[in-house]
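Asker: Sharing a model prediction with you, sequence too.
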Amino acid sequence: MENNHCVAMSLRVAVVIPCYKVSAHILGVIQKIGSEVDTIFVVDDCCPEKGGFLVENGCVDPRVRVIYNLVNQGVGGAVILGYNAAIADGADVIVKVDGDGQMDPSLIPAFIAPIIADEADYTKGNRFFDLEEIRAMPKARLFGNAVLSFMTKISSGYWDLFDPTNGYTAIHAEVARHLPFGKISRRYFFETDMLFRLNTLRAVVVDVPMDAKYGDEVSNLKISEIVGEFLAKHIRNFSKRIFYNYFLRDMSIASIELPLGLLLFISGCIFGVYHWISSLQAGVATPAGTVMLAALPILMGTQLMLAFLGYDIANVPRRSIHKMRRNSKKQSNT
């Protein structure tokens, strides 16, 4: 614990706060940020309420720096601008906190602790740890988050994570430097797309328990309006992840199981449907042998796809890449 504390004291921690229609809460959020943070970047994302000017005129905290987006780029665009500013400023760990008051700044030490201890490259909040607390979450949002979480597990490859749209996050700057910021979604899909990009780097991601908090703030995210868009992007990311991890970067038994399983399953279905329709039109029962010829590849294909799924679940990244990069640099310097 003492060693971790010493490391924490030597690391620079920055906080990025996107500012868009949060003028009623943002000053209070800044006031609650503790001394463990060295710099606070407030990113005015072309806010119609002039939130950046409000912070500049109403905040006396010397750690605060206000950055302005000339065009609204969404939460992702604001966070990426803040990331780049924090990296240029020499930050080691970058925490992202919303300015609407839903995220408790006193939890920042809990978010940076796994990164400082080299146990994670990226941490994110999870409001689903305490079953009693999540009763405060609106039922529609609870259901929407469950659906989005399942889709995210499949597309990102982080099967042990939940609450993917949670924007309370922390990242090691060494990992952030290697993210393709130009390719990451800028708006509501940002947090989910980040997980996909982190998996392509083989970064370790850890959930941090936090309470669900809802006050008088108004969320701009409408789950019912973005499920279709999210589904299309999840399918795209899943396809890319499978290609990157199982065919481009590495080959394993799973690289054979998935395509062979799909081929057998689809061919069995096509064969079975074709002969079922033929028998129906002829008015005769489908022979038992034909049924078995259709069922066998379907069963074998299902088994192979389940085997791939088991391999993929066990293949969640476990070794911190920022630690490996740091050790590699030390060895090259000796």
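Answerer: Yep, that arrived.
Asker: use CA for all of it now, contacts and neighbours both
Answerer: Will do.
Asker: Name the nearest residue to residue 238, ignoring sequence neighbours.
Answerer: residue 155 (4.0 Å; Cα to Cα, 6 or more residues apart in numbering).
Asker: OK, contacts around the residue nearest the centre of the chain?
Answerer: Centroid check for the chain by Cα atoms, centre = their mean gives residue 195 as the closest residue, at 3.3 Å. Residues near residue 195 by Cα atoms under 8 Å, 6 or more residues apart in numbering: 156, 158.
Asker: next one: residue 267
Answerer: 297, 298.
Asker: Name the SS class of it, please.
Answerer: Classification of residue 267 by DSSP: H, G, I helix; E, B strand; the rest coil places it in helix.
Asker: on that earlier part again, which stretch of helix or strand covers the residue nearest to residue 238?
Answerer: Using DSSP states H and E, residue 155 falls within helix 139-156.
Asker: which secondary structure elements does that helix contact?
Answerer: Applying 3 or more Cα pairs under 8 Å, 6 or more residues apart in numbering; DSSP states H and E, we find helix 139-156 packed against helix 190-201, helix 223-243.
Asker: Would you pull up how far that helix lies from the middle of the chain?
Answerer: Centroid separation for helix 139-156 versus its chain: 12 Å, with Cα atoms, centre = their mean, to the nearest Å.
Asker: Next: stretch 137-146.
Answerer: Centroid displacement of stretch 137-146 relative to its chain, using Cα atoms, centre = their mean, is 18 Å.
Asker: start at 25 instead
Answerer: Let's use 25 as the start, then, which means that last one is stretch 161-170.
Asker: Pull out the buried positions in that stretch.
Answerer: 161, 166, 168, 169, 170 (16 or more other Cα atoms under 10 Å).
Asker: per-residue confidence at the second one?
Answerer: Put plainly, it is residue 166. Each residue has a pLDDT score; the one for residue 166 is 76.
Asker: That one and residue 216, how far apart?
Answerer: Distance of residue 166 to residue 216, computed by Cα to Cα, to the nearest Å: 17 Å.
Asker: pretty sure residue 90 is in a strand, no?
Answerer: Yes - the assignment for residue 90 by three-state DSSP puts it in a strand.
Asker: who's in contact with it?
Answerer: Contacts of residue 90 by Cα under 8 Å, 6+ apart are 65, 66, 67, 68, 76, 79, 80.
Asker: Which strand residues bridge it?
Answerer: residue 66 (DSSP bridges).
Asker: how close does the residue nearest to the centre of the chain sit to residue 189?
Answerer: 10 Å.
Asker: likewise residue 47?
Answerer: Residue 47 is 22 Å from residue 189, where distance means Cα to Cα.
Asker: What of residue 168?
Answerer: Separation of residue 168 from residue 189 (Cα to Cα) stands at 10 Å.
Asker: and if you look at residue 302?
Answerer: Going from residue 302 to residue 189 by Cα to Cα gives 48 Å.
Asker: The two - which one has more neighbours?
Answerer: Neighbour count, other Cα atoms under 10 Å: between residue 302 and residue 189, residue 189 has more, with 20 against 14.
Asker: Show me the domain layout of this structure.
Answerer: Here the chain is described, according to automatic domain parsing, as comprising the domains 26-163+182-245, 275-357.
Asker: Quick one: distance of the first one to the chain centre.
Answerer: This points to domain 26-163+182-245. That offset, for domain 26-163+182-245, works out to 12 Å (Cα atoms, centre = their mean).
Asker: picking up where we left off before, the residue nearest to residue 262 against residue 258, yeah?
Answerer: Yes - with contact defined as Cα atoms under 8 Å, residue 179 and residue 258 form a contacting pair (5.4 Å).
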